[in-house]
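K.L.:
This is the structure alone, sequence omitted:
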Ligand SMILES: NC(=O)c1ccc[n+]([C@@H]2O[C@H](COP(=O)([O-])OP(=O)(O)OC[C@H]3O[C@@H](n4cnc5c(N)ncnc54)[C@H](O)[C@@H]3O)[C@@H](O)[C@H]2O)c1
């Protein structure tokens, strides 16, 4: 029975506590939040759980095996480091840390202490991403041309980071998980209209073999959109995460170039075949993810979404921030 202490009970923390409490093989022994209002909510929702206001009590507790860090990104390094130093495994929110140096320090510390880190890249455990991974692995889409994601809505404005650090970790972690290739360079543009942090941004990632990815993130959109297009040589896919039933649609559409002898002789044929919507599993992603973490801990196995996966995303976020400062200049990874 693995015993968890959870730090942070704001917007996302309650989902972690609820899922952990529903899983077999683990127990939530304490939840900590520095805000009095959050502590009241913990008590009301989970009367049997010990509530703390100081995270040090939880990370030092002999009763705790694993710490979940569900606080804003600028606190992740301090809290994760304290947990590892006290011999606890860590489940930490995305993005892993505020910069590359912090992530590297935590990975080395975990190695030294023989502890596991899992970074909450929740989307990797959704039915849609698991299905897309299968479609890529079995060659259904063919050679990939592009990944193009739109992740926009009105708010929630974060006070400590811009829209790239808030929303793009989802896409970057999905891209790293699906593409089996690392981006070579990144370019990003954006603007800060309201609170000094960029509220709209466009990131382009260049991959080997002419593969390109684009991510559009925006907190000031009138409508919520969560749509990703993935274009392959054989098939093209649309993932609309807001659809309840048919989240994925695969189109047998494409372009074949028959001859390339000069622009005027270019023979292009367009293929427009069937569309189908494959079955996508509807299990809550967090539940699967936390269950997988328990499995990794009990078999001393490194999770796919370990500290190194978290670091890769932070590297891309840092490169995007650097490019943003230079109005879109290409930053090599
Ligand atoms: N995986 C996902 O899909 C997903 C979704 C939402 C948020 N998140 C991530 O979860 C993290 C938290 O986001 P949120 O929206 O819940 O933020 P939030 O501001 O709503 O909640 C954070 C909570 O942490 C508490 N806190 C901060 N520092 C603390 C400390 N040192 N000790 C104790 N308590 C402390 C705050 O009082 C607050 O209640 C962020 O990293 C965010 O990116 C992930």
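P.N.:
Happy to help now that I have it. Note that the structure is a prediction, hence the values are computed from the model and not measured. Numbers count the residues shown, from 1 in each chain.
K.L.:
Can you list the strands that the helix or strand hosting residue 205 pairs with?
P.N.:
Using DSSP states H and E, residue 205 maps to strand 200-206. Here strand 200-206 is paired, per DSSP bridges, with strand 185-191 (antiparallel), strand 212-218 (antiparallel).
K.L.:
would a markdown table of the ones you listed with mean pLDDT, mean neighbour count and distance to residue 231 be doable?
P.N.:
Just so you know, the C-beta spots here come from the backbone N, C-alpha and C atoms, and that holds for glycine as well. Listed next are the strands paired with strand 200-206 as a markdown table, based on pLDDT from 0 to 100; neighbours: other Cβ atoms under 10 Å; distance: least, Cβ to Cβ, whole Å:
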| stretch | mean pLDDT | mean neighbour count | distance to residue 231 |
| --- | --- | --- | --- |
| strand 185-191 | 98 | 20 | 19 |
| strand 212-218 | 98 | 21 | 10 |
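K.L.:
can you pull the buried residues of the strand holding residue 205?
P.N.:
200-206 (16 or more other Cβ atoms under 10 Å).
K.L.:
closest point of the protein to the ligand, which residue?
P.N.:
Using Cβ to the nearest ligand atom, the closest approach of the chain to the ligand is made by residue 10 at 1.8 Å.
K.L.:
What strand or helix carries the residue lying closest to that residue once chain neighbours are set aside?
P.N.:
Distance criterion Cβ to Cβ, 6 or more residues apart in numbering; nearest residue to residue 10, sequence neighbours excluded, is residue 38 at 6.3 Å. In this assignment (DSSP H and E), residue 38 forms part of helix 36-45.
K.L.:
Do that helix and the ligand come into contact?
P.N.:
Yes: legend: contact between helix 36-45 and the ligand by Cβ under 6 Å from any ligand atom is shown at residue 38.
K.L.:
What's the mean pLDDT across that helix?
P.N.:
On average, the pLDDT along helix 36-45 is 97.
K.L.:
So in that sheet, which strands flank the helix or strand sitting right after it along the chain, and in what orientation?
P.N.:
Moving toward the C-terminus from helix 36-45, the next helix or strand (DSSP H and E) is strand 50-52. Note on strand 50-52: by DSSP bridges, its sheet partners are strand 26-32 (parallel).
K.L.:
Run through the residues of the stretch 1-150 of the chain sitting next to the ligand.
P.N.:
So far as Cβ under 6 Å from any ligand atom goes, the stretch 1-150 of the chain lies against the ligand at 7-13, 32-35, 38, 55, 70-73, 75, 93-94, 120, 122.
K.L.:
Reformat the strands paired with strand 200-206 into TSV and put distance to the ligand next to each item.
P.N.:
Shown next, in TSV, are the strands paired with strand 200-206 (distance: least, Cβ to the nearest ligand atom, whole Å):
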stretch	distance to the ligand
strand 185-191	18
strand 212-218	13
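K.L.:
would a markdown table of the ones you listed with distance to residue 17 be doable?
P.N.:
Below are the strands paired with strand 200-206 laid out as a markdown table (distance: least, Cβ to Cβ, whole Å):
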| stretch | distance to residue 17 |
| --- | --- |
| strand 185-191 | 34 |
| strand 212-218 | 28 |
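K.L.:
residue contacts, residue 203?
P.N.:
With contacts defined as Cβ atoms under 8 Å, 6 or more residues apart in numbering, residue 203 is in contact with 164, 168, 186-188, 214-215, 217, 320.
K.L.:
Does residue 214 touch residue 168 like I think?
P.N.:
No: using Cβ atoms under 8 Å as the test, residue 214 is too far from residue 168 to be in contact (11.1 Å).
K.L.:
who does the lengthiest helix in the chain touch, helix- and strand-wise?
P.N.:
Of all the segments of type helix in the chain, defined by DSSP state H, the longest one is helix 307-325. Identification of packing neighbours for helix 307-325 by 3 or more Cβ pairs under 8 Å, 6 or more residues apart in numbering; DSSP states H and E yields helix 100-113, strand 117-120, helix 163-179, strand 185-191, strand 200-206, strand 331-332.
K.L.:
show me where pLDDT drops low in the chain?
P.N.:
Low-confidence segments of the chain, defined by pLDDT under 70: 259-266.
K.L.:
before we move on, the earlier item: got the angle between the helix holding residue 38 and strand 26-32?
P.N.:
150 degrees (axes from the mean of the first three to the mean of the last three Cα atoms, to 10 degrees).
K.L.:
What residues sit buried inside helix 36-45?
P.N.:
In helix 36-45, counting by 16+ other Cβ under 10 Å, buried: 38-39, 41-42.
K.L.:
Then stretch 94-107?
P.N.:
Buried, per 16+ other Cβ under 10 Å, within stretch 94-107: 94-100, 102-104, 106-107.
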